[in-house]
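J.: Turn this into a structure:
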Amino acid sequence: MPPKSPTESRVILTQVMGPSHANVMGNVHGGYIMKICDEAGGMAAIRHARHPAVTVAVDSMRFHSPVHIGNLMTVTAEVSWVGRTSMETRVVVTAEDVLTGQTTHTNTAFFVYVALDEHGRPTPVPPLLCTTAEEQARFERAAQRQAYRLQQHRQDAHE
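T.: Presented below is the predicted three-dimensional model:
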């Protein structure tokens with residue numbers, strides 16, 4: 001399998017936030033933002049693997065600032081690490097006030113997916129080709145997160 005660069009998996013979803021997406025304070029529901037992040041991350045994983053992919057884990061998602069009604073929310077996802085059958089995607093959310101042009105980074109999260117074959121079993125994915133220092137650094141940090149996730153999983157299994 002030839003390696004693929006992170007940019008080959010990149011997915012950008014942009015949507016205007018309306019009242020149906022928000023609470024009474026005019027802030028978009030965190031759960032709605034998480035749903036869109038999972039969709040973007042999943043599509044990036046599928047683009048990389050060219051197989052269906054299912055969500056396995058979501059690292060903590062902290063909201064640095066709210067997304068408001070009327071904002072243009074942009075969710076950008078790309079694969080940041082791959083194992084044999086699993087992939088981590090880095091998902092970045094921004095909110096733009098279209099009247100002023102001010103864009104705010106609202107959060108970054110990491111989602112893990114497993115690629116599935118036609119029988120619903122995990123299937124190998126292409127390696128990740130990191131060509132820049134930034135991509136390599138992201139890959140190394142992602143590998144550390146994956147090692148931590150696996151350690152936590154083993155500890156949870158023994159409780």
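J.: When you work out contacts or count neighbours from here on, use the C-alpha atoms and nothing else.
T.: Noted.
J.: Give the buried residues for the lengthiest strand in the chain.
T.: Ranked by residue count and defined by DSSP state E, the top strand of the chain is strand 103-115. Under the neighbour-count criterion of 16 or more other C-alpha atoms under 10 Å, strand 103-115 has 104-115 buried.
J.: which among those residues gets closest to residue 86?
T.: Nearest to residue 86 among these, counting by C-alpha to C-alpha, is residue 114 at 4.3 Å.
J.: could you check the distance from that closest one over to residue 11?
T.: The gap separating residue 114 from residue 11 is 17 Å, by C-alpha to C-alpha, to the nearest Å.
J.: Also residue 47?
T.: 9 Å.
J.: neighbouring strands for the longest strand of the chain, and are they parallel or not?
T.: Next to strand 103-115 in the sheet, as set by DSSP bridges, lie strand 53-58 (antiparallel), strand 86-96 (antiparallel).
J.: Columns mean neighbour count and mean pLDDT on top of the ones you listed, output as a markdown table?
T.: What follows is the strands paired with strand 103-115, written out as a markdown table (neighbours: other C-alpha atoms under 10 Å; pLDDT from 0 to 100):
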| stretch | mean neighbour count | mean pLDDT |
| --- | --- | --- |
| strand 53-58 | 17 | 96 |
| strand 86-96 | 25 | 97 |
